[in-house]
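*Asks:* heads up, no residue letters with this:
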């Protein structure tokens, strides 16, 4: 199908959905609790595609009752997606699995942004891996070093991923929905995307959760990749030096493979701090309750 035709169809579907939910939104100020719950349920049943539309209305709506009703609908999606995250973590072992990590990232992002599109995220990872492979085979010498160089070139220069110094503590630096569009994140979120692309390229990489920092360990080069700082390669001695400079005592356990469970729980703790910083107290409490319920 032609691209312009596809865009036209998508725009038409968007406008149709917008017309469909308009009368429902007007009913969100109804004082009858039964009517209100029925309208909220009807909006929820339309699926996550209504969320961006609800957010747009929320930004321009002056009616406090309608605003409250819209927020409650969005939170229905968020609550459902957080349960998925909790379920996936609970079922995972204390090991690293790229498949589990990818699903957990999608589920967690769907809490912050229910409109998160798993297919788009997967397609981005697949396309990036293909570009790494194409860049790799054009090299005169093909070995694990040139493969890693090709990965770094695509990730940092072609795709443009980099550390977010200005908005380090913003939730958008962790949720993949916003991260893959703005291309800026914190060490752990950038590292997880890097790891998933590497896995598709046949590069064995796993996460290392140092105190105050997160790295990706490349098993082929036997080096630690600082994804937040454009892929600088570090030795174990460099890692130990970093920890000691931060005023802590280093031990070899700090360089152990991070399990999916530990990665996601660390991301959740980061998000709690981020949401609190920006006044999103409901989101922060929901994430805190999820961590507490697992103990």
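*Replies:* That came through fine. Every value quoted in this text rests on a predicted model; they were computed, and no experiment measured them.
*Asks:* what packs against whichever strand or helix holds residue 274?
*Replies:* Using DSSP states H and E, residue 274 falls within helix 260-277. Judged by 3 or more C-beta pairs under 8 Å, 6 or more residues apart in numbering; DSSP states H and E, helix 260-277 is in contact with helix 64-91, helix 98-112, helix 187-200, helix 281-293. For every residue, glycine as well, the C-beta is placed using N, CA and C.
*Asks:* Buried deepest among those, which one?
*Replies:* Of all the helices and strands packed on helix 260-277, helix 187-200 carries the top mean neighbour count, a mean of 25, counting by mean count of other C-beta atoms under 10 Å.
*Asks:* distance between it and the chain's centre?
*Replies:* Centroid separation between helix 187-200 and its chain, computed with C-alpha atoms, centre = their mean, to the nearest Å, is 11 Å.
*Asks:* ditto for stretch 220-240
*Replies:* 23 Å.
*Asks:* Please point out which parts of that stretch sit buried.
*Replies:* 223-228, 231, 234, 236, 239-240 (16 or more other C-beta atoms under 10 Å).
*Asks:* tell me which of these is nearest to residue 211?
*Replies:* Set against residue 211, the nearest of the buried residues of stretch 220-240 by C-beta to C-beta is residue 239 (10.3 Å).
*Asks:* what are the phi and psi values for residue 140?
*Replies:* Main-chain torsions, residue 140, degrees, to the nearest 10: phi -70, psi -40.
*Asks:* per-residue pLDDT, it?
*Replies:* On pLDDT, residue 140 comes in at 70.
*Asks:* again with residue 1
*Replies:* In this model, residue 1 carries a pLDDT of 44.
*Asks:* Ok, residue 40 next?
*Replies:* For residue 40, pLDDT reads 90.
*Asks:* check contacts around the residue nearest the centre of the chain.
*Replies:* Among the residues of the chain, residue 176 comes closest to the average C-alpha position under C-alpha atoms, centre = their mean, at 2.5 Å. Counting by C-beta atoms under 8 Å, 6 or more residues apart in numbering, residue 176 touches 105-106, 109, 116, 121, 189, 193.
*Asks:* Include pLDDT and distance to residue 86 when you put those residues into a markdown table, please.
*Replies:* A markdown table is the format used below for these (pLDDT from 0 to 100; distance: C-beta to C-beta, whole Å):
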| residue | pLDDT | distance to residue 86 |
| --- | --- | --- |
| 105 | 95 | 14 |
| 106 | 95 | 14 |
| 109 | 96 | 14 |
| 116 | 95 | 16 |
| 121 | 96 | 20 |
| 189 | 97 | 19 |
| 193 | 97 | 22 |
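*Asks:* Determine which two of the buried residues of stretch 220-240 are furthest apart.
*Replies:* Farthest-apart pair in those is 231 and 240; separation 20.0 Å (C-beta to C-beta).
*Asks:* circling back: once you drop chain neighbours, what's closest to the residue nearest to the centre of the chain?
*Replies:* Leaving aside its sequence neighbours, residue 176 sits nearest to residue 109 (C-beta to C-beta, 6 or more residues apart in numbering; 4.5 Å).
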